[in-house]
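A.B. asks: after the sequence you'll find the predicted model.
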Amino acid sequence: YRDMVEMNRMPSSLSNHIAVLVGNLAMAATAIYGEDPANPTLEPWLSGILAKMKRFMDRTYYPDGGYGEPVTYQDMATRDLIEGLDALERNFGIDYATTTSIKDSWKYPLQAAFTNGRYPDFGDVSHYYGFTGPSFMWFAHRLKNPYAYDFVRKAFDAGRGGILGWLWYTTGIEPKPRTELPASKLFPVKGNMVMRSSWDDEGSVLVFRCGPNSNH
């Protein structure tokens, strides 16, 4: 808290490390909320955590469905952030899920990756996005996203995903295959154009970047 909020050591608010820290700080604060008789509301710490979290989300998750850093870092940031968002909403009714651009951040990895999660991207990346991991489980559970559900429904039914797979288990959504979407898409805020010859894994994916500098 001292580094992230008081000293603001990442003033650009553009780093997956911020998401990891504030997501887990939010869960920790939720766990001990009300236990200190001298400060049951944990102020100003809780408000500081929320302010840093919201600033990060506004700076890094873009309204076109893109994200500032490469997809590997997007997945890392989102995995930890959504656990904090889930705790905040369940306990305090704070909704950053539908009121920020995180709700659309499934669009770029869905567009750019092959079915197995491999994708072309820029920066120091592992070139893999986990379509059946926590992020898409949360998109299906919290946002009832039919494209995310198409990837995670088998993982849900097979009992995969650990505790989050049970906590966010979801049914009743009509899955939609991404083949219903246009094969190519411009992400003007992120500054990337994704061009696919088809949705088939035998096809080609070309990503052209002419956008703002970011982290990594």
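C.D. replies: Looks like it came in fine. Residues are numbered from 1 along each chain as shown.
A.B. asks: all strands for the chain, in order.
C.D. replies: 185-187, 192-196, 205-209 (DSSP state E).
A.B. asks: and Asn39, which of those is closest to it?
C.D. replies: With CB to CB, the closest approach to Asn39 among the strands of the chain belongs to strand 185-187: 43.4 Å. C-beta: built from backbone N, CA, C; applies to glycine.
A.B. asks: contacts only, for the spatially most central residue of the chain.
C.D. replies: Geometric centre of the chain, nearest residue: Thr78, 3.1 Å, by CA atoms, centre = their mean. When contacts are counted by CB atoms under 8 Å, 6 or more residues apart in numbering, Thr78 touches 19, 102, 105, 134-135, 138.
A.B. asks: again, 10 Å this time
C.D. replies: Shown in contact with Thr78 (CB atoms under 10 Å, 6 or more residues apart in numbering): 16, 19, 23, 61, 67, 85, 102, 105-106, 109, 133-136, 138-139.
A.B. asks: so which of these is the closest to Asp150?
C.D. replies: When those are ranked by distance to Asp150 (CB to CB), Phe136 comes first, at 9.3 Å.
A.B. asks: wait, doesn't that closest one sit right on Arg142?
C.D. replies: No. With contact defined as CB atoms under 10 Å, Phe136 does not count as touching Arg142 (11.1 Å).
A.B. asks: okay, these two: which has more neighbours?
C.D. replies: Phe136 (26 against 20; other CB atoms under 10 Å).
A.B. asks: and the nearest residue to the more buried one once chain neighbours are set aside, what pLDDT?
C.D. replies: Take Phe136 and drop its neighbours on the chain: the residue closest to it by CB to CB, 6 or more residues apart in numbering is Ala148, 4.3 Å away. According to the prediction, Ala148 has pLDDT 97.
A.B. asks: returning to that earlier point: which of the contacts of Thr78 are buried?
C.D. replies: When the contacts of Thr78 are checked for burial by 16 or more other CB atoms under 10 Å, the buried set is 16, 19, 23, 61, 67, 85, 102, 105-106, 109, 133-136, 138-139.
A.B. asks: show me which positions of stretch 49-64 end up buried.
C.D. replies: 49-50, 52-57, 60-62, 64.
A.B. asks: I'd like to know how far the nearest residue to Ser13 once chain neighbours are set aside sits from Val205.
C.D. replies: Excluding its sequence neighbours, the residue lying closest to Ser13 (CB to CB, 6+ apart) is Arg59, at 4.3 Å. Per CB to CB, to the nearest Å, Arg59 is found 27 Å from Val205.
A.B. asks: now do Tyr1
C.D. replies: On the measure of CB to CB, Tyr1 and Val205 end up 41 Å apart.
A.B. asks: who's more crowded, the two?
C.D. replies: Val205 (20 against 17).
A.B. asks: confidence score at that one?
C.D. replies: Looking at Val205, its pLDDT is 95.
A.B. asks: contact partners for the residue lying closest to Ala19 once chain neighbours are set aside?
C.D. replies: Leaving out its chain neighbours, the residue that sits closest to Ala19 by CB to CB, 6+ apart is Ala77, at 3.6 Å. By CB under 10 Å, 6+ apart, the contact list for Ala77 reads 15-20, 23, 56-57, 60-61, 67-69, 102, 105, 135.
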